[in-house]
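Student: pasting the sequence and the predicted coordinates here, then a few questions.
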There are 2 protein chains.
Amino acid sequence: MGLPRLSRLELQIMETLWSHGATSVREIQEAFPEKARPAYTTVQTMVYRLEAKGAVRRSKKIGNAHVFEAVVSRNAAQRRLIDDLLGLFGGSSQPVVAHLIESGSLTLEDVREAERMLKRLQAEKTASSKVKGRSRRLT
Amino acid sequence: MGLPRLSRLELQIMETLWSHGATSVREIQEAFPEKARPAYTTVQTMVYRLEAKGAVRRSKKIGNAHVFEAVVSRNAAQRRLIDDLLGLFGGSSQPVVAHLIESGSLTLEDVREAERMLKRLQAEKTASSKVKGRSRRLT
DNA sequence: CCACTACGACTACAGTTGTAGTAGATCTAA
DNA sequence: TTAGATCTACTACAACTGTAGTCGTAGTGG
């Protein structure tokens, strides 16, 4: 029962829910940049579909309007996106990183940060392997 | 007109074209793991759609079978994928990298490699700014 | 020469995504 | 209290994806 795939527009809607917390359809719609703002009913349809997928739930009602809140976390959804992408790249991060660099959005800062994070994780893993049987690497 | 978005299955087919070079529909189909191998006609339909999108072209004919070859490069297609993903993350690489780490597929090696690559690019940029805009980044 | 098989071209169809209209319930302000 | 603004709940529909069947033709083994 892994969380379902979320489409582009669905993710944009989730983003509003994640950053604004519980929100009405109207508010979600207005969170879109005027430039590319879908019709109210378009957003409404998407929110209903998200509800059907279990990604969102009705939390309460204000007046006659429903207020929705995210059920799946931003982290889980993003994780799912990355995993899917990774699948397309044969499971290797390397080409992904290479493209991030090419597109100029990966900074040296990001890389350093990543290195710190990795080292911290590695330390944790080593520590825990003294207690339990070390679990394999298996790429 | 940028290259079109390629779907999952379309990408898998392109992958075969990229790695095997010019290939017949039959060969593409057989390149799928027996586990999840679509019907011959399914692959055929996809190849035709790829042709309609201009991602693939018929290169020659062997017997009555057409042999197709990739028109868009693996690099361009992957780049497109990453750019799309990046859009969903607000253009920042940071969360992408964080998830790669979380999912355990980004190794310290990858990070070091990335750092080298970044530094090399940076050096080039500095150098080239002294000698007019040189046009790297073809493809 | 002819049955068979491999292919190609075409068609079909259901599920997803993006987009939005309509009808009727409800709220709210005058 | 009633007209206009909102909302909900449905419905519609086209493009895209994945999946595959049909049918006619082109080569091939006998």
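Tutor: Thanks, I have the structure now.
Student: and chain B, is the helix or strand bottoming out on mean pLDDT in chain A touching that?
Tutor: None of the helices or strands of chain A scores lower by mean pLDDT, DSSP states H and E than helix A:108-131, at a mean of 83. Yes. Counting by Cβ under 8 Å from any Cβ of the partner chain, chain B has neighbours in helix A:108-131: A:108, A:110-115, A:117-119, A:121-122. Backbone N, C-alpha and C define where each C-beta goes, glycine included.
Student: what are the boundaries of the helices in chain A?
Tutor: A:8-20, A:25-31, A:40-52, A:74-88, A:93-102, A:108-131 (DSSP state H).
Student: worst mean pLDDT among those?
Tutor: If you rank these by mean pLDDT, helix A:108-131 sits at the bottom with a mean of 83.
Student: which neighbouring elements make contact with that one?
Tutor: helix B:93-102, helix B:108-128 (3 or more Cβ pairs under 8 Å, 6 or more residues apart in numbering or on different chains; DSSP states H and E).
Student: which ones are touching A:Asp83?
Tutor: B:Ser103 (Cβ atoms under 8 Å, 6 or more residues apart in numbering or on different chains).
Student: before we move on, the earlier item: tell me the buried residues in the least confident helix or strand of chain A?
Tutor: By 16 or more other Cβ atoms under 10 Å in any protein chain shown, the buried positions in helix A:108-131 come out as A:110-111, A:113-115, A:117-118.
Student: so which of the residues you listed are also by DNA strand C?
Tutor: Residues of the buried residues of helix A:108-131 in contact with DNA strand C (Cβ under 7 Å from any atom of the strand): none.
Student: which bits of chain A sit near DNA strand C?
Tutor: So chain A meets DNA strand C at A:5-10, A:38-39, A:41-42, A:44-46, A:49, A:63-64 (Cβ under 7 Å from any atom of the strand).
Student: A:Ala76 contacts A:Pro4, doesn't it?
Tutor: No. A:Ala76 sits out of contact with A:Pro4 when judged by Cβ atoms under 8 Å, with a separation of 11.1 Å.
Student: neighbour count for those two, which is higher?
Tutor: Each of A:Ala76 and A:Pro4 has its neighbours counted (other Cβ atoms under 10 Å in any protein chain shown); A:Pro4 has more, 16 against 13.
Student: for stretch A:19-26, measure first residue to last.
Tutor: 15 Å (Cα to Cα, to the nearest Å).
Student: lovely, talk soon.
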